[in-house]
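Asks: Generate a structure from the sequence data that follows.
(2 chains)
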Amino acid sequence: MKTIKTCVTALISALLVFSPVAYADKWSDQFPHIKATGDIPGECSYEAMSKKNYKGKTLKINTHAVPVMGEPTALHAEQFAKLTGAKVDVTHTPAGDLYAKAMVPFQAGQAPYDIVFGFSNFINDWKRYLEPVPKKYVEMKQMKDVTPSHIAIASWDGVMYQFPVDGDRHYLKYRKDVIDNPEYQKKYKADTGKELRVPRTWKEYGEIAAYFNGWDWDGDGEKEYGSAEVMKKDDLMYAAFYSRSAAYSKNPKTPGGFFFDLKTMKPLINNPGFVEALTDWVAATKYVPPGGINFGLGDEIGSFGGGQTLFSFSWDDAFVAAMQPDSPINNKVGTAQLPGAMKVWNRSSNSWDEGFNQAPFFVWGWAVGVAKKSKEKEMAFDYLCFFANEANHQADIGIGRFGVNPFRDADFKVDVWTQIGWDKDIAQSYVDTLAEMEKSKNRVFPLRVPGTFEFNAALATAAAKALAGQLSPQAALDEAAKQWEDILNRVGKDNVRKAYSVGVAMEDNKL
Amino acid sequence: MNFRHKFVFLFPGLFVLIGILIFPIIFTIRLSLSGWNSYTPEMNFIGITNYIRLFTDDPRFWESFFRLSFLSVSTVVLQYIIGFALALMVWREIKFKRFFRVIFLIPMMTTPVIMTVIWRTFFHESLGPLNDLLGRVGVEPILWLSDPVIAKFTVIIVEVWQWTPFMFLLLLAGLLSLPKEPFLAAAIDGASSFRKFVYVTFPLMAPISIGAIIIRLIEASKIMDTVFVLTSGGPGTATETSSFYIYIKGLREFQMGYAATLSFTYLVIMIISLTIIAKVLTKLMIKE
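Replies: Now for the predicted structure:
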């Protein structure tokens, strides 16, 4: 009898520990979204939230349009409402209008939304209207797992204003089945005399992309193209340009600013490093799909994720979309850090420093805060904490269209990704890519100064003119630099310098 | 007799007029004299600084204005020609006249934003059906939305498709209200269809035509949704119009004071130019 009892106990224990079925619990039965993990204990778990009572209260949220970030916001709102009895109203807003939709009531002293979603580079303009994240949330276990760089992005002067729900960076995505294909490697070598490999520099990226542009290299009867990139003016294209510029312009030997020279506040965006990057980008218009010059983020995700191009670089979404089980290129893609350059501009010596240089770009991620004027602050922070609890987070990061990407140390483990069907070597390369970026000492962080929108819009307009052939790269960036000077004069150099010094300290590894 | 009480009856209308017309204009003028933006969120007074910036240091606004002029005039001229032709067609006794009248009105009854999304999909260079169809007959993909010149014509195509029915409706109503006698007289004189059109129909339709053209010019000069959805002003700034540019400055970059300056200047320019256009059209089309 004792033996039987021992066996039964051992069997149950084994099931609980090893079988995915063991994760089925009362919460995953009710909320299939977390069926892979079940509820994971924590301060903001399903179990913990079910003990809260917000019946009769209403939480109002302004978030992005569906699906990117809008879909998880609505899903977790529905779950939160079921668990706590609260009524949650979710408003969806296009990306370009998120800033103004919050700023107008903020400046009028109103709070039509308790929670506002936006981008992390809004922090400087928004922070005076946001409630700092209370200590109890900052000290929670789930927050302790957030990487230092993402804590820094969500904070200002040591105060956390944005609740971390996403972590973003730009990196290279490529078709592994082509780059690693021995036949193509042989053919490429025969035709060009060069090795076919994951590109180390932007020049190499351009050469390979141009070679694989405009013919059916995957045998599906359709033409494929070299690269899908975010080139549409008002659709975050400035971030793509900074990614291409980092290797040419972020020189570890010249600390003190990537966008401006912190000492003089002279804009650096028309120096030869940026011009070289824009010249490369103009050349890229020849190896993007027809109409690629008008690709926004959604087009880029659809193009690379749908198997139309060899390369892409931007946020995680296109890669995660490509790795979903229903994708035509599932487990046929790889990742690497952004390409580098064989020279980098030295603004001190006013000349190029020869040699390989690489600089990861920690593009802003989605960010969210609670309005200072909100009357439901506690419920709002509970919602955000629930949104980012471990069970929800693990489920969310596996769905490409959700736009929720790794920002916790736990996300950089191979098992997290193999559990959702990724091949081990792809998962390994993915986590290695992200981890290397975290470790890099030559990083670029997004511009987070007063008037960020104006600076980025001026840059995007100038770059778009160059891509459309309306201006040369040098003339376009001179125009942008002139506008940056004007914006600086309007905002005040000292105001911008004070804010920019925080980002420079992060880039110079002083924070 | 004291008629002062009659002013009491004017007050409701006056209040409405002040509320919906006068106050917004005065507020816009005041806002245009402030530096309200994301980092100075207050109605401070900076004099005519914004106006100086507009007239001395903002070529993009003027480029967008001239682009708008080109798009407005070309779309309205095309709408007038096509709308008139369609109206003449269903004015005559033809089969299925009622059916055609309804069919021609459908584009105007659809929601512009939704239809532009459909057009954008249709014109999408690599995923849309149009280039796919052209490819089947050996034509290379046309850069409908990403070539700076072709993109302008794509915007014109969508605008003409959407708003020609409005012109058609006004002109058909005009044709149906014309007196029959001049046409009978022309028929007795043995005038050909062409001469009847040139010497009878067109002159009689002139007042209605001027009204229709001015109404459409006012509407076309506010073009925003088509550009916003179809091209976002791109490639580069190739299809950026004044209203889209004002939207970018005001609601994207949050330069509220400067956007008010642009709006007020634009309003003044439009009032002056539309008045001149109406006078010129009257002189050209209506003969004493």
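Asks: any low-confidence regions in the stretch 51-200 of chain B?
Replies: Scanning the stretch 51-200 of chain B for pLDDT under 70 picks out nothing.
Asks: That one: helices as residue ranges?
Replies: B:59-91, B:97-109, B:112-123, B:129-136, B:148-176, B:181-188, B:193-196 (DSSP state H, counting those that start in this stretch).
Asks: Run the chain-centre distance for the fifth one.
Replies: What separates the centre of helix B:148-176 from the centre of its chain is 9 Å, taken as C-alpha atoms, centre = their mean, to the nearest Å.
Asks: still on that earlier bit, possible to save the helices of the stretch 51-200 of chain B as JSON lines with distance to chain A and mean neighbour count?
Replies: From N, CA and C alone the C-beta is placed, and that goes for glycine too. Shown next, in JSON lines, are the helices of the stretch 51-200 of chain B (distance: least, C-beta to the nearest C-beta, whole Å; neighbours: other C-beta atoms under 10 Å in any protein chain shown):
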{"stretch": "helix B:59-91", "distance to chain A": "8", "mean neighbour count": "18"}
{"stretch": "helix B:97-109", "distance to chain A": "24", "mean neighbour count": "13"}
{"stretch": "helix B:112-123", "distance to chain A": "8", "mean neighbour count": "16"}
{"stretch": "helix B:129-136", "distance to chain A": "7", "mean neighbour count": "13"}
{"stretch": "helix B:148-176", "distance to chain A": "5", "mean neighbour count": "20"}
{"stretch": "helix B:181-188", "distance to chain A": "51", "mean neighbour count": "12"}
{"stretch": "helix B:193-196", "distance to chain A": "44", "mean neighbour count": "12"}
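Asks: Can you say which of those is nearest to A:Glu300?
Replies: Among the helices of the stretch 51-200 of chain B, the nearest to A:Glu300 by C-beta to C-beta is helix B:112-123 (16.0 Å).
Asks: one step back: of all the helices of the stretch 51-200 of chain B, which lies closest to A:Pro328?
Replies: Using C-beta to C-beta, the helices of the stretch 51-200 of chain B put helix B:129-136 closest to A:Pro328, at 18.3 Å.
Asks: and the angle for the closest one with helix B:112-123?
Replies: Here the directions of helix B:129-136 and helix B:112-123 differ by 20 degrees (axes from the mean of the first three to the mean of the last three C-alpha atoms, to 10 degrees).
Asks: for helix B:129-136, packing partners?
Replies: Packing partners of helix B:129-136 (3 or more C-beta pairs under 8 Å, 6 or more residues apart in numbering or on different chains; DSSP states H and E): helix B:112-123.
Asks: can you list the domains in chain A?
Replies: A:23-164+A:366-404, A:171-362+A:442-507 (automatic domain parsing).
Asks: Mean pLDDT and mean neighbour count added to the ones you listed, as a markdown table?
Replies: Listed next are these as a markdown table, based on pLDDT from 0 to 100; neighbours: other C-beta atoms under 10 Å in any protein chain shown:
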| stretch | mean pLDDT | mean neighbour count |
| --- | --- | --- |
| domain A:23-164+A:366-404 | 93 | 20 |
| domain A:171-362+A:442-507 | 94 | 21 |
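Asks: Ok, which of the ones you listed comes nearest chain B?
Replies: Across the domains of chain A, chain B has its closest neighbour in domain A:171-362+A:442-507 (2.8 Å, C-beta to the nearest C-beta).
Asks: How far off centre is the closest one?
Replies: 14 Å.
Asks: Mind checking if that domain is in reach of chain B?
Replies: Yes - against chain B, domain A:171-362+A:442-507 shows contacts by C-beta under 8 Å from any C-beta of the partner chain at A:225, A:232-235, A:289-294, A:302-303, A:308, A:450-451, A:453-454, A:457, A:461, A:464-471, A:486, A:490-491, A:495.
Asks: Show me where the stretch 101-250 of chain A has its helices.
Replies: Using DSSP H, counting those that start in this stretch, helices in the stretch 101-250 of chain A cover A:123-126, A:135-138, A:141-144, A:148-154, A:176-179, A:182-192, A:202-211, A:237-249.
Asks: Counting by contacts, list what the second one packs against.
Replies: For helix A:135-138, the contact count by 3+ C-beta pairs under 8 Å, 6+ apart identifies helix A:377-387 as packing neighbours.
Asks: what does the next helix-or-strand element following the helix it packs on rub up against?
Replies: For helix A:377-387, the succeeding helix or strand toward the C-terminus, using DSSP states H and E, is helix A:390-396. The contact list for helix A:390-396, computed with C-beta atoms under 8 Å, 6 or more residues apart in numbering or on different chains, reads A:27, A:33-34, A:36-40, A:42, A:45-46, A:72, A:76, A:79, A:142, A:386, A:402, A:404, A:408, A:410, A:416.
Asks: can you rerun that using 7 Å?
Replies: A:33-34, A:36-40, A:42, A:45-46, A:72, A:76, A:142, A:402, A:404, A:416 (C-beta atoms under 7 Å, 6 or more residues apart in numbering or on different chains).
Asks: Check stretch B:111-121 too.
Replies: B:Gly128, B:Val158, B:Gln162, B:Asp225, B:Thr226, B:Val229, B:Leu230.
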